[in-house]
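Participant: model this:
(2 chains)
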Amino acid sequence: MANPVQQFQIEPIVPINVGPIDLSFTNSSLAMAFAVGVSALLFYAGTRRLSLVPGRMQCVAELMYEFVANMVRDNVGKEGMKYFPLILTLFLFVFFGNLLGMVPGNFTFTSHIVVTGALAVAIFIAVTIIGFMRHGLGYLRMFFPHGAPILTAPILIPIEIISYLSRPFSLSVRLFANMTVGHIMLKVLAGFVISLGLLGGIVPLAAVVGITVLEFFIAALQAYVFVILTCIYLNDAIHMH
Amino acid sequence: MPQFDPSSFPSQIFWLVVAFFVLYQLVVKLVMPSLGGVMESRQRTIDEDLAKAADLKARTDAAIESYEAALAEARGKAQALLRETNEELARAAEARNREVAEALGRRIEEGEARIAAARAEALDGVREAATDVAAALTAKLIGDGPDERTTRESVDAVMREAR
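Facilitator: Below is the predicted model of the structure:
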């Protein structure tokens, strides 16, 4: 039985070394390329024959577009539509990263903390810069809720700062952990199917089938959660709270 | 776990940036202009249609209003005309009535006058005859009658008594 974490192994496909740094094109990079490719395919097919009354593929593409657009509009408001292309990119990337990770043999790049962490830190920095650009030093009022008694400041401000700073951490770990655990669980249960033999293996097989369905759901849900939290952070930066 | 092996981090971050940038370019260059454009134009079409519908409705309302105003005006006019005509007819009928009544009155008066004249004439005739008869009778009875004046007075006196 294969090691359940072996599926997360990074395997170089095209070794590239820039000086001492290893920038090889790996199975993770390939999965990212797939995610980009599927997004491109979807939107290529959807926008090939544009019409006011959409066809089937255009409907799918528009559904995707409207879903994210509504998310931004509802959570950030009109000012947020400036960042809509970025949010849409983020959603497509994470969504197809998660979903294509469910294809057997394909790598799940969102199961690596460095990927989710890089995305989360980039979002965190961007949101903080947007906040300071819009409100100047007034953005620091984020750390003291409006209307709270001044006496509570010594307790509230550290709590708010910690919660603000922990955003990239929770954002990245949530996605990474969900993806990693799901795939490990599938692998372990699938291993049981083999080791328990023909009769006993039916129970874990049923479990694997059920959990596969669940994992598809989680793949979509976690992409949604990742993006909606980004929207909420962006809303905080634009409108304060 | 391979997730915590830092040797693969540079490669993953590098390709993440590349893939994300490519996808972002795709969204900005392909998706936003085409899909965003068509959805925007659809929204615009819908908005325009709605505006047109609202405009047409406003015009319909205005037309209905003016129609009802015209109807009310016409009804008012008709009623005024009816009332006027009625009054005029009543006035004409009254005038005719008065005229006819006057003409009839005149004719009655004329008739009465004629009757009175005829009666006076008849009475005169009777007196004439009575006087003649009285004179003739007296002459036959006593041979010689009284003079004409006395006879007339006595006839008049008898006739006054008889009346």
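Participant: got a list of contacts for stretch A:21-37?
Facilitator: Stretch A:21-37 has contacts (Cβ atoms under 8 Å, 6 or more residues apart in numbering or on different chains) with A:10-17, A:92-93, A:96-97, A:100-101, A:106-109, A:112, A:115, B:7-8, B:10-12, B:14-16, B:18-19, B:22-23, B:26. No exception for glycine: its C-beta is placed from N, CA and C like everyone else's.
Participant: let's see which of those residues end up in strands.
Facilitator: A:12-14, A:17 (DSSP state E).
Participant: among those, which are in reach of chain B?
Facilitator: When contact is defined as Cβ under 8 Å from any Cβ of the partner chain, the ones in strands among the contacts of stretch A:21-37 meet chain B at residue A:12.
Participant: could I get the ones in strands among the contacts of stretch A:21-37 as TSV with distance to residue A:237 and neighbour count?
Facilitator: Shown next, in TSV, are those (distance: Cβ to Cβ, whole Å; neighbours: other Cβ atoms under 10 Å in any protein chain shown):
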residue	distance to residue A:237	neighbour count
A:12	38	17
A:13	39	12
A:14	39	10
A:17	39	11
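Participant: what's the farthest-apart pair in the ones in strands among the contacts of stretch A:21-37?
Facilitator: A:13 and A:17 (13.9 Å; Cβ to Cβ).
Participant: still on that earlier bit, just the buried ones among the contacts of stretch A:21-37, please.
Facilitator: A:10, A:12, A:16, A:92-93, A:96-97, A:100-101, A:106-109, A:112, A:115, B:8, B:10-12, B:14-16, B:18-19, B:22-23, B:26 (16 or more other Cβ atoms under 10 Å in any protein chain shown).
Participant: of the residues you listed, which belong to helices?
Facilitator: If you go by DSSP state H, the buried ones among the contacts of stretch A:21-37 have A:92-93, A:96-97, A:100, A:115, B:10-12, B:14-16, B:18-19, B:22-23, B:26 in helices.
Participant: what segments of chain A are strands?
Facilitator: A:12-14, A:17-18, A:21-22, A:25-26.
Participant: could you export these as a markdown table, including mean pLDDT?
Facilitator: A markdown table is the format used below for the strands of chain A (pLDDT from 0 to 100):
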| stretch | mean pLDDT |
| --- | --- |
| strand A:12-14 | 90 |
| strand A:17-18 | 87 |
| strand A:21-22 | 88 |
| strand A:25-26 | 93 |
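Participant: take those and lay them out in TSV including distance to residue B:119.
Facilitator: Shown next, in TSV, are the strands of chain A (distance: least, Cβ to Cβ, whole Å):
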stretch	distance to residue B:119
strand A:12-14	156
strand A:17-18	159
strand A:21-22	160
strand A:25-26	154
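Participant: out of these, the one nearest residue B:146 is which?
Facilitator: It is, among these and with distance given as Cβ to Cβ, strand A:25-26, at 181.7 Å.
Participant: what are the ranges of the helices in the chain?
Facilitator: The chain I'm using is chain A. A:27-47, A:56-75, A:84-100, A:113-135, A:153-165, A:167-195, A:197-200, A:202-239.
Participant: wrong one, I was asking about chain B
Facilitator: Going by DSSP H, chain B shows helices at B:9-26, B:37-142, B:148-162.
Participant: for residue A:54, see how far away residue A:45 is.
Facilitator: 12 Å (Cβ to Cβ, to the nearest Å).
Participant: tell me the pLDDT at residue A:2?
Facilitator: pLDDT recorded at residue A:2 is 68.
Participant: then the one 3 residues further on?
Facilitator: Looking at residue A:5, its pLDDT stands at 83.
Participant: count the residues that sit near the spatially closest residue to it that is not a sequence neighbour.
Facilitator: Nearest residue to residue A:5 in three dimensions, chain neighbours excluded: residue B:1, at 5.0 Å (Cβ to Cβ, 6 or more residues apart in numbering or on different chains). Residues near residue B:1, counting by other Cβ atoms under 10 Å in any protein chain shown, number 14.
Participant: just give me the neighbour total for residue A:175.
Facilitator: Residue A:175, neighbours per other Cβ under 10 Å, totals 26.
Participant: ok, now residue A:116?
Facilitator: 29.
Participant: I'd like the distance between it and chain B.
Facilitator: 10 Å (Cβ to the nearest Cβ, to the nearest Å).
Participant: skipping its backbone neighbours, what lies nearest that residue in space?
Facilitator: In space, residue A:116 is closest to residue A:172, 4.0 Å off (Cβ to Cβ, 6+ apart).
Participant: likewise residue A:188?
Facilitator: residue A:4 (5.1 Å).
Participant: right, and that neighbour touches residue A:187 too?
Facilitator: Yes: if you go by Cβ atoms under 8 Å, residue A:4 and residue A:187 touch, sitting 4.1 Å apart.
Participant: surely residue A:168 touches residue A:118?
Facilitator: No: using Cβ under 8 Å, residue A:168 is not in contact with residue A:118, being 9.7 Å away.
Participant: more neighbours: which of the two?
Facilitator: The neighbour comparison of residue A:168 against residue A:118 (other Cβ under 10 Å) goes to residue A:168, with 22 against 19.
Participant: that one: what's it in contact with?
Facilitator: Shown in contact with residue A:168 (Cβ under 8 Å, 6+ apart): A:117, A:120-121, A:123-124.
Participant: reformat these into CSV and put neighbour count and pLDDT next to each item.
Facilitator: Converted to CSV, those look like this (neighbours: other Cβ atoms under 10 Å in any protein chain shown; pLDDT from 0 to 100):
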residue, neighbour count, pLDDT
A:117, 20, 95
A:120, 25, 96
A:121, 15, 96
A:123, 23, 96
A:124, 20, 96
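Participant: of the residues you listed, which is the nearest to residue B:99?
Facilitator: residue A:123 (109.1 Å).
Participant: gap between the closest one and chain B?
Facilitator: For residue A:123 relative to chain B (Cβ to the nearest Cβ), the value is 12 Å.
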